[in-house]
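> What would the 3D arrangement of this be:
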Amino acid sequence: FFNDECLLPGVAEAKKPKIVVVCDSPHLQAMASEHYLLDEKEKPACCYRPVPFWAFTGAVVVLVLALGVPLAIVSRDKDDSSDDSGTSCPSLPAEDAAVESRNHGKITVFDDKFYNFVDRSSTMELLSLAPFTYTWMEAPLWDEATRSVLFADPGTGNTIYSWNNRTGVKTSLRPAGYTGDLANAGGFGFPGPNGQIFNSDGKHILCQQGNARIAEVTPLRSFEPIAETFEGKQFWGPNDVVQDSFGWYWITDPNFRSPGSIDPNRVNATGVYAAKNGTVLQLITDVLNPNGIAFFPGENSLVITETGNITATAKARAWKFTVQRTGPDATPSVSNKQLFFDGSPYRARGWMGGGDGMKIDSSGNAWMSMPGGILCVDQTGTLLARLDLEAQATNVWIADKLPHPVMYITAANPPTLIRLTLKKA
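Residues are numbered from 1 along each chain as shown. Got it, this is the predicted structure:
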């Protein structure tokens, strides 16, 4: 234990390991929920409520015997938050509280550079998704306002869910990808929501596959379309979206509605589009069923994953493009298409998945959903590690603004939500 003096500036404290005890009290819960809203030098990173010694001892015995895990002892080191007075408290971010989870999958490392971003002792945590059932799982997104991770059921579930360690899973938005009667979805197996972001203004932007558009989710839980047509023809069903620093939305639009078919009312190719203030540009048409999309730091190049013809022999590739901008509105174009990474050999081994959702971290590493799991590939295209999820990888989100960055991963077959703690860049 350590007492409230730990929270008072100017009070000297012994430089020794401390055991941090988190108690179930409204005071502590409030402190945890507000942890990131306070200034780094003001926030009380740890606190306690007096607990009888017998209660503490009993709790330790129960934890050790029931869970088989050691009590965490947090020591002062160079990573502890401290202020100019020398007062130091170990960080207790809200998302690190006890959750219903278990170690899951396997991380295979091919290059030790991977350990610059993930600790050697890190494991993937399988998070409980009870009590709901899901047709598919996609598009994780960290929501700072609610301290939750959002994720999508893009199948006939047609729902956005939220998960956090206090309340578990809740329905966040339904219907989310198709606002009509699902019976009229034309047999489309994925009418629900998919890729989602918070834009530069903090607004929730969603790919609505059934409605074949990207739209803003309004405070009234309705939808304001942003882009749904190109030259008067409807999209097939936007799959993923990012926004660049100039305000352009970059949208992937594969045809999973009726693969290989031609519809005169829809755009003439699966492609990548850019949209802003009512203007829609068609940038890429030579990637078959583009899926995930992300920029390298600096936004001078981007990577797009290719799902291909979604058959057993489909390619699972990632393509890199150079980005140019012209004019006062930084109107984008792309050139110099290069194969960035080919995951097809993994598909040939019979591993599940294809080119799917991806993110690029601040160090330029691409975390891509590919056959065999999430592949971590550096900016040169070198494979650093494979995260075997024991399921089909679908997408990933990196919550890198947290004191302890966290990666959330979605997978299908079976629907799965996974968490992996990263190192601070």
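> For the strand ranked longest in the chain, the averaged confidence score.
The longest strand of the chain (DSSP state E) is strand 331-342. Averaged across strand 331-342, pLDDT comes to 97.
> contacting residues around that strand?
By C-beta atoms under 8 Å, 6 or more residues apart in numbering, the surrounding residues in contact with strand 331-342 are 244, 246, 248, 250, 272, 274, 281, 283-284, 286, 302-303, 315-326, 366, 368, 370, 375, 377, 381, 383. All C-beta atoms are positioned from the backbone trio N, CA, C, and that covers glycine.
> Which of those are buried, as a ChimeraX select command?
A single ChimeraX command suffices to select whichever of those are buried according to 16 or more other C-beta atoms under 10 Å:
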select :244,248,250,272,274,281,283,284,302,303,315,316,317,318,319,320,321,323,366,368,370,375,377,383
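> Among the contacts of strand 331-342, which ones are in strands?
Using DSSP E, these in strands are 250, 272, 274, 281, 283-284, 302-303, 317-326, 366, 368, 370, 375, 377, 383.
> So A215 versus N395, what's the distance?
For A215, the distance to N395 equals 19 Å [C-beta to C-beta, to the nearest Å].
> Neighbour count: those two, which is higher?
Taking other C-beta atoms under 10 Å, A215 and N395 do not tie; N395 has more neighbours (32 against 23).
> Give the full set of residues in contact with the more buried one.
N395 neighbours (C-beta under 8 Å, 6+ apart): 138-140, 195, 240, 292, 356-358, 369, 409-410.
> Please identify the one among those residues that lies nearest to E224.
Nearest to E224 out of those is G195 (C-beta to C-beta; 16.9 Å).
> secondary structure element for the closest one?
strand 193-198 (DSSP states H and E).
> mind saving the C-alpha coords of that strand as PDB?
Listed next in PDB are the C-alpha coordinates belonging to strand 193-198 (Å, rounded to 0.1, in the frame of the first residue of the first chain):
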ATOM      1  CA  PRO A 193     -21.500  -1.700 -41.600                       C
ATOM      2  CA  ASN A 194     -17.800  -2.100 -42.200                       C
ATOM      3  CA  GLY A 195     -14.800   0.400 -42.000                       C
ATOM      4  CA  GLN A 196     -15.300   3.300 -39.600                       C
ATOM      5  CA  ILE A 197     -13.300   6.200 -38.400                       C
ATOM      6  CA  PHE A 198     -13.600   9.400 -36.400                       C
END
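> Which other helices and strands does that strand contact?
Applying 3 or more C-beta pairs under 8 Å, 6 or more residues apart in numbering; DSSP states H and E, we find strand 193-198 packed against strand 138-143, strand 148-153, strand 159-164, strand 204-208, strand 240-243.
> Work out the sheet partners of the second one and label each with its direction, please.
It stands for strand 148-153. strand 138-143 (antiparallel), strand 159-164 (antiparallel) (DSSP bridges).
> Make CSV from the ones you listed and add mean neighbour count and distance to M352 to it.
Listed next are the strands paired with strand 148-153 as CSV, based on neighbours: other C-beta atoms under 10 Å; distance: least, C-beta to C-beta, whole Å:
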stretch, mean neighbour count, distance to M352
strand 138-143, 23, 15
strand 159-164, 22, 22
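> now the ones you listed in a markdown table, with distance to Q338 and mean pLDDT?
Below are these laid out as a markdown table (distance: least, C-beta to C-beta, whole Å; pLDDT from 0 to 100):
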| stretch | distance to Q338 | mean pLDDT |
| --- | --- | --- |
| strand 138-143 | 27 | 97 |
| strand 159-164 | 35 | 96 |
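> Including distance to P345, could those strands go into a markdown table?
Below are the strands paired with strand 148-153 laid out as a markdown table (distance: least, C-beta to C-beta, whole Å):
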| stretch | distance to P345 |
| --- | --- |
| strand 138-143 | 25 |
| strand 159-164 | 34 |
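> Specify the stretch among these that is closest to F190.
strand 138-143 (9.0 Å).
> ok so, going back, quick one: the longest strand of the chain to strand 366-370, angle?
Orientation of strand 331-342 against strand 366-370 (axes from the mean of the first three to the mean of the last three C-alpha atoms, to 10 degrees) gives an angle of 60 degrees.
> Show me which positions of strand 331-342 end up buried.
332, 334, 340-342.
> and what of stretch 146-159?
Those would be 147-159, for stretch 146-159 by 16+ other C-beta under 10 Å.
> May I ask which two of those residues are separated the most?
Longest span within these, C-beta to C-beta: R147 and T156, 29.2 Å.
> So which of the strands paired with strand 148-153 is nearest N255?
Here strand 138-143 is closest among the strands paired with strand 148-153 (C-beta to C-beta), at 17.1 Å.
> which other residues reach the closest one?
148-154, 162, 193-198, 207, 240, 357, 394-397, 399, 402, 406, 408-410, 412, 417.
> and the nearest residue to P290 once chain neighbours are set aside, what does it touch?
Setting aside the residues directly before and after it, P290 is nearest to T252 in space (C-beta to C-beta, 6 or more residues apart in numbering), at 4.2 Å. Shown in contact with T252 (C-beta under 8 Å, 6+ apart): 195, 238-241, 272, 290-293, 304.
> how close does T252 sit to T322?
18 Å.
> returning to that earlier point: out of the contacts of T252, who's nearest R120?
Nearest to R120 among these, with distances taken as C-beta to C-beta, is G292, at 27.6 Å.
> Excluding residues flanking it in the chain, which one is nearest that closest one?
Nearest residue to G292, sequence neighbours excluded (C-beta to C-beta, 6+ apart): M358, at 3.6 Å.
> number of nearby residues for that neighbour?
25.
> Use 50 as the first number for this chain going forward.
Understood, numbering begins at 50; the last thing we discussed is M407.
> how far away is it from V426?
M407 sits 9 Å away from V426, going by C-beta to C-beta.
> what do the two both touch?
By C-beta under 8 Å, 6+ apart, the residues touching both M407 and V426 are 367, 415, 417.
> Nearest to S171, out of the contacts of T301: which one, please.
If you rank these by distance to S171 using C-beta to C-beta, G341 comes first, at 23.1 Å.
> element containing the closest one, please.
strand 339-344.
> That strand packs against which elements?
By 3+ C-beta pairs under 8 Å, 6+ apart, strand 339-344 packs against strand 289-292, strand 298-302, strand 320-325, strand 350-355, strand 407-409, strand 415-419.
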